[in-house]
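Undergrad: my questions are about this predicted structure, shown below with the sequence.
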Amino acid sequence: MPDGVFAYLHVLLNTDYRGLKGFLRGLSRLISFDVPDYTTICRRVNKVAIVIKRP
C-alpha cells in the first residue's frame with residue numbers, strides 16, 4: 001500500500017499506530033498484502049504531508 005493511504009487512514013480513523021496496524025491486519029484478511037510494523041507505519045505517516053481543503 002502507498003504511504004499516503006496509511007496517513008489518510010490514521011487521520012480518518014483517529015486512532016494510534018497500533019490501532020491502525022490492527023485495522024490493517026483485519027483488512028489484509030480480505031485483500032492480500034503485507035502489514036508493516038507499527039513503528040514502520042509511524043515513520044511512513046510522518047513522511048507524508050496531508051493537505052485537507054475545507055469548503
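TA: Right, received. Where do you want to start? Numbers count the residues shown, from 1 in each chain.

Undergrad: list the residues that contact residue 45.
TA: Residues counted as contacts of residue 45 (Cβ atoms under 8 Å, 6 or more residues apart in numbering) are 3, 6-7, 10, 17. Quick note: C-beta positions are derived from backbone N, CA and C, even for glycine.

Undergrad: what about residue 21, how many neighbours?
TA: A count of nearby residues for residue 21, using other Cβ atoms under 10 Å, gives 20.

Undergrad: give me the pLDDT value at residue 1.
TA: Residue 1 is assigned 67 on the pLDDT scale.

Undergrad: and the gap between residue 17 and residue 26?
TA: Remark: distance between residue 17 and residue 26 (Cβ to Cβ, to the nearest Å) = 15 Å.

Undergrad: which of these two has more residues huddled nearby?
TA: Between residue 17 and residue 26, counted using other Cβ under 10 Å, residue 17 has the larger neighbour count: 18 against 10.

Undergrad: so that one sits against residue 10, correct?
TA: Yes. Residue 17 is within contact range of residue 10, at 7.3 Å (criterion: Cβ atoms under 8 Å).

Undergrad: which neighbours do those two share?
TA: Common neighbours of residue 17 and residue 10, counting by Cβ under 8 Å, 6+ apart, are 41, 45.

Undergrad: what pLDDT, on average, does stretch 15-25 get?
TA: Average pLDDT, stretch 15-25: 90.

Undergrad: in stretch 22-29, what's buried?
TA: residue 24 (16 or more other Cβ atoms under 10 Å).

Undergrad: likewise for stretch 31-41?
TA: 35-36, 38, 41.

Undergrad: save the residues you listed as TSV, and put in pLDDT too.
TA: Formatted as TSV, those follow (pLDDT from 0 to 100):
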residue	pLDDT
35	89
36	89
38	82
41	86
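
Undergrad: contacting residues around the longest helix along the chain?
TA: Across the chain, the longest stretch assigned as helix under DSSP state H is helix 17-30. With Cβ under 8 Å, 6+ apart as the test, helix 17-30 has contacts from 1, 6, 9-10, 13, 15, 34-39, 41-42, 45.

Undergrad: how about the contacts of residue 45 in TSV, adding distance to residue 30 and secondary structure?
TA: As requested, those are exported to TSV (distance: Cβ to Cβ, whole Å; DSSP: H, G, I helix; E, B strand; the rest coil):
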residue	distance to residue 30	secondary structure
3	21	helix
6	17	helix
7	21	helix
10	19	helix
17	21	helix
